[in-house]
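Asker: Requesting a structural model of the entry that follows:
(one chain, ligands or ions: 1)
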Amino acid sequence: MNLIIRGVTYEVREVDEIPPQDVDNADDDDVVLGALDWMHSLIEVRRDLPTERKTITLLHEVIHALAEDMDLSEEQTEEFAWRMYDFLRRNRFDVEMTWT
Ligand SMILES: [Zn+2]
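Answerer: Model (predicted):
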């Protein structure tokens, strides 16, 4: 699946694991659910997440890409992802992604 974010086409890829060493702000013992790779225009999300958690993780990474120049903290990004997910669901936006 591809998503266009601020004019850039990102590939969204489901992966079995995301090594914390590959993520800037992760500690070595963190379980990383998703990651945004600016250099390769790639978003990775763990395949084994429940659907709702997977969608929120994807939104989290999308918000990172959308808010690149807005200096959001990790906590603000996560809170924004949950609020966005809730907004989309309550207003019946189709937020279920087709993971292929
Ligand atoms: Zn993040």
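Asker: Number of residues surrounding residue 59?
Answerer: Look at residue 59: counted by other C-beta atoms under 10 Å, it has 23 neighbours. All C-beta spots, glycine's among them, are computed from the backbone N, C-alpha and C.
Asker: Repeat that for residue 26.
Answerer: Using other C-beta under 10 Å, residue 26 is surrounded by 16 other residues.
Asker: Confirm that it sits in a helix.
Answerer: No. With DSSP: H, G, I helix; E, B strand; the rest coil as the criterion, residue 26 is assigned coil and is not in a helix.
Asker: residues in contact with the nearest residue to it once chain neighbours are set aside?
Answerer: Of all residues not flanking residue 26 in the chain, residue 20 sits nearest, at 4.0 Å (C-beta to C-beta, 6 or more residues apart in numbering). Applying C-beta atoms under 8 Å, 6 or more residues apart in numbering, we find residue 20 in contact with 26-32.
Asker: could I get those as JSON lines with pLDDT?
Answerer: Formatted as JSON lines, the contacts of residue 20 follow (pLDDT from 0 to 100):
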{"residue": "26", "pLDDT": "82"}
{"residue": "27", "pLDDT": "84"}
{"residue": "28", "pLDDT": "85"}
{"residue": "29", "pLDDT": "84"}
{"residue": "30", "pLDDT": "85"}
{"residue": "31", "pLDDT": "87"}
{"residue": "32", "pLDDT": "91"}
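Asker: Which of those residues ranks first by neighbour count?
Answerer: Using other C-beta under 10 Å as the neighbour test, the contacts of residue 20 are led by residue 32, with 19 neighbours.
Asker: Need the three-state assignment for that one.
Answerer: Counting by three-state DSSP, the backbone at residue 32 sits in coil.
Asker: Tell me the spacing between it and residue 77.
Answerer: 14 Å (C-beta to C-beta, to the nearest Å).
Asker: ok, back up a step: could the contacts of residue 20 go into a markdown table alongside distance to residue 94?
Answerer: Shown next, in a markdown table, are those (distance: C-beta to C-beta, whole Å):
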| residue | distance to residue 94 |
| --- | --- |
| 26 | 31 |
| 27 | 36 |
| 28 | 38 |
| 29 | 37 |
| 30 | 32 |
| 31 | 29 |
| 32 | 27 |
